[in-house]
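sequence first, predicted model second:
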Amino acid sequence: MLRALLLVGLLLMSTFSATLEASSMALVETWAGRFPDVTSVGWGDLTGDEQEEILVAQGERIRVLSRTKDSLELAWELELPGISVTSICVAGPGRLIVGTGQAGTVRCFRLVGSQTVEVQRSDYLWSPVKKMLFADLTGTGHDEVVVLTEKGSVHVFQQDENGLHQVWVSPGEIPLQLLLVADYDGDGRSELVVGDENAVEVLKWEDGQMITLWKNYPWGQLTGLFQGGDKELWLRTGQDVLYAYRWNGETFVLSWSLSDPLLNMEAPVLGRIDNQPAFIGGATLPHPGVGVWKASKGGLEEIWFSGPIGVVKSVLHLPSGEFLVMTDRDVVHLWRPVPADFYRVVFVGQQIQLLHPPVERRGALWISLRDISELFRLTMAWDRETKSITVLKGSLYVILKPDTELIEVNGQSRILSASPFIQKDVTYVPIDFIRVALGGFVDWNDRTRTLWIQP
């Protein structure tokens, strides 16, 4: 009888409670590793097996990680004596290019077995290498190495059997901070996009030199350059403004702009989620973690945020759709996009399926009261007058109401971490209800999206 009353009550309760909407996707951590004094991460098919390896630099050492079925494992270590690696790129099977610290050089290595042999080296750049990219800027059909240094100079190198040859270096009047390469005019050659604090400039290789195709001075300090889509260039400023420009065949024209405090994120990259542009980057509030924000001219929409993992230092978007994240805690994480209702539940040591998917928001989790009732064999009843639910098991009784953290356990007041709510006629409670009200064990790992429950 009480179960029948509950079913009627759940239908009535939907008129008294707000709805907490779930996001359309999430990220699940498939691997994480701690690397003391990590300086850079990279990826590429170094072994020629058509599977990209993950590379982690720690000063003079590079750890090469290969894929297993569900994770990564250490394949081998590369020792580069006397070199402080600050940037890594894989130029092809058996070919590794690194940028160095101190005086700054670009060095090319050939992989022989599990050892490296240096085959080419640039002259000193007199500044540590900050970022390296590959792109065919000159139309030779071979990628140049494009380098941004800490002091703000950009260098373009060509490779041949005789070594690395610098074919262009940026003028030194104003330090550059941002670097991007993309083919905006569709001629098969990439344009070079550079930015300092105040201006963005799009450069094109013509007749042995770089010429300016377009230059713009957005309002505010320039903090990010992104390829927003086909022929789109997005600019982010320190004033939390995003400008979206489109190449019209002759120049870049402003398509739209927006102002949103969510733009204040750390080391973001621009990818696509649900076929829509989305930023993946770090944020420090309410705790240091990594998040996903869909982006459009209407604004930014946060669709997922991790639990605390530390301040994000860099994010790489892999061809597989995964994201490689490095934090200030010397930990490297590999995240994979999954549907928002992806989860694992382990009850008394056995993986089970719930009747209703849990609802997750910013690392916190709610579970349906109906599922808890089935697992713990509870009896429940709905009180129409007080708009409350009574949960019974033996001598235990619990009274709770939607939209308030306060519950009553055998006459004693207790406080939950969040309020229960109703969504699509289903009552959800925060998972600590299992501990606070029922005395059970519960733990939610938002990185692996695994929920452990023990009576």
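Perfect, I can see it now.

drop to CA atoms for contacts and neighbour counts, all remaining ones
Noted.

roughly how far is stretch 310-320 from the heart of the chain?
5 Å (C-alpha atoms, centre = their mean, to the nearest Å).

nearest residue to the middle of this protein?
By C-alpha atoms, centre = their mean, the chain has its centre lying nearest to residue 280, at 4.0 Å.

right, and that residue touches residue 270 too?
Yes: look at residue 280 against residue 270 with C-alpha atoms under 8 Å: they come within range, at 6.4 Å.

residue 412: neighbour count?
Residues lying near residue 412 (other C-alpha atoms under 10 Å) number 8.

how near is it to residue 431?
Note on residue 412: its distance to residue 431, by C-alpha to C-alpha, to the nearest Å, is 19 Å.

low-confidence regions, the chain specifically.
Scanning the chain with the threshold set as pLDDT under 70 gives 1-23.

endpoint to endpoint, stretch 137-156 covers what distance?
For stretch 137-156, the end-to-end distance is 9 Å (C-alpha to C-alpha).

list phi and psi for residue 433.
phi -60, psi -40 (degrees, to the nearest 10).

residue 148 touches residue 169, doesn't it?
No: at 9.9 Å, residue 148 and residue 169 do not qualify as touching, with contact defined as C-alpha under 8 Å.

neighbour-wise, which of the two wins?
Taking neighbours as other C-alpha under 10 Å, residue 148 and residue 169 compare with residue 148 leading, 26 against 15.

for that one, which non-adjacent residue is closest in space?
In this structure, residue 148 finds its nearest non-sequential neighbour in residue 154, 4.6 Å apart by C-alpha to C-alpha, 6 or more residues apart in numbering.

surely the one you found touches residue 169?
Yes: under the criterion of C-alpha under 8 Å, residue 154 makes contact with residue 169 at 5.6 Å.

need the overlap of contacts for those two.
Jointly contacting residue 154 and residue 169 under the rule C-alpha atoms under 8 Å, 6 or more residues apart in numbering is no residue at all.

how about the helices in this structure?
2-13, 369-376, 433-436 (DSSP state H).

and residue 213, how close does it get to residue 238?
Separation of residue 213 from residue 238 (C-alpha to C-alpha) stands at 25 Å.

give the contact list for residue 399.
Contacts of residue 399 were listed using C-alpha under 8 Å, 6+ apart, and they are 388-391, 407-409.

out of these, which comes closest to residue 33?
Looking at the contacts of residue 399 and their distance to residue 33, the nearest is residue 407, at 40.3 Å (C-alpha to C-alpha).

ok, that closest one to residue 437 distance?
8 Å.

looking at the two, which is more packed in?
residue 407 (24 against 21).

would you confirm that the more buried one contacts residue 417?
No: using C-alpha under 8 Å as the test, residue 407 is too far from residue 417 to be in contact (11.0 Å).

tell me the bridge partners for residue 412.
Per DSSP bridges, the residues bridged to residue 412 are residue 409.

residues touching the residue lying closest to residue 57 once chain neighbours are set aside, list them.
Nearest non-adjacent residue to residue 57, counting by C-alpha to C-alpha, 6+ apart: residue 40, 5.1 Å away. Contact analysis of residue 40 by C-alpha under 8 Å, 6+ apart lists 56-58, 85-88.

top of those residues by number of neighbours, please.
residue 85 (29 neighbours).

against residue 317, how distant is that residue?
Distance from residue 85 to residue 317, by C-alpha to C-alpha: 21 Å.

with residue 200 instead?
For residue 200, the distance to residue 317 - C-alpha to C-alpha - is 23 Å.

ok, residue 63 next?
As judged by C-alpha to C-alpha, residue 63 and residue 317 stand 19 Å apart.

of the two, which one has the most company?
residue 63 (19 against 16).

quick one: that one and residue 148, what's the gap?
24 Å.

I'd like the contacts of residue 399 as CSV, with distance to residue 400 appended.
Below are the contacts of residue 399 laid out as CSV (distance: C-alpha to C-alpha, whole Å):
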residue, distance to residue 400
388, 6
389, 5
390, 7
391, 8
407, 5
408, 7
409, 9
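
common neighbours of residue 407 and residue 437, please.
398, 414.

quick one: residue 27 and residue 333 touch, right?
No: with contact defined as C-alpha under 8 Å, residue 27 does not reach residue 333; the gap is 11.2 Å.

of those two, who's got more company?
residue 27 (25 against 18).

any idea what the more buried one is bridged to?
residue 337.

what sits against it?
For residue 27, the contacting residues are 304, 335-338, 447, by C-alpha under 8 Å, 6+ apart.

and if you look at residue 353?
344-345 are the contacts of residue 353 under C-alpha under 8 Å, 6+ apart.

distance of it from residue 162?
On the measure of C-alpha to C-alpha, residue 353 and residue 162 end up 62 Å apart.

with residue 393 instead?
81 Å.

also residue 337?
On the measure of C-alpha to C-alpha, residue 337 and residue 162 end up 44 Å apart.

could you do residue 261 as well?
Relative to residue 162, residue 261 is positioned 50 Å away (criterion: C-alpha to C-alpha).

what about the two, which has more around it?
Per other C-alpha under 10 Å, whichever of residue 261 and residue 162 has more neighbours is residue 261, with 12 against 8.

the more buried one reaches residue 242, doesn't it?
No: counting by C-alpha under 8 Å, residue 261 does not reach residue 242; the two are 10.4 Å apart.

count of neighbours near residue 328?
15.

leaving out sequence neighbours, find the closest residue to it.
Counting by C-alpha to C-alpha, 6+ apart, the residue nearest residue 328 is residue 311, at 5.5 Å.

could I get the phi/psi values of the one you found?
phi -70, psi 130.

contacts for stretch 99-113, please.
Counting by C-alpha under 8 Å, 6+ apart, 83-88, 94-98, 116-132, 149 sit against stretch 99-113.

now do that stretch: distance from first to last residue.
22 Å.

please identify the buried residues of that stretch?
99-101, 104-111 (16 or more other C-alpha atoms under 10 Å).

off-centre distance for that stretch?
For stretch 99-113, the distance to the chain centre is 28 Å (C-alpha atoms, centre = their mean).

report the contact partners of residue 62.
55-56, 77-80.

what distance do you get for it to residue 153?
Taking C-alpha to C-alpha, one finds residue 62 at 26 Å from residue 153.

residue 359 now?
Counting by C-alpha to C-alpha, the gap from residue 359 to residue 153 is 48 Å.
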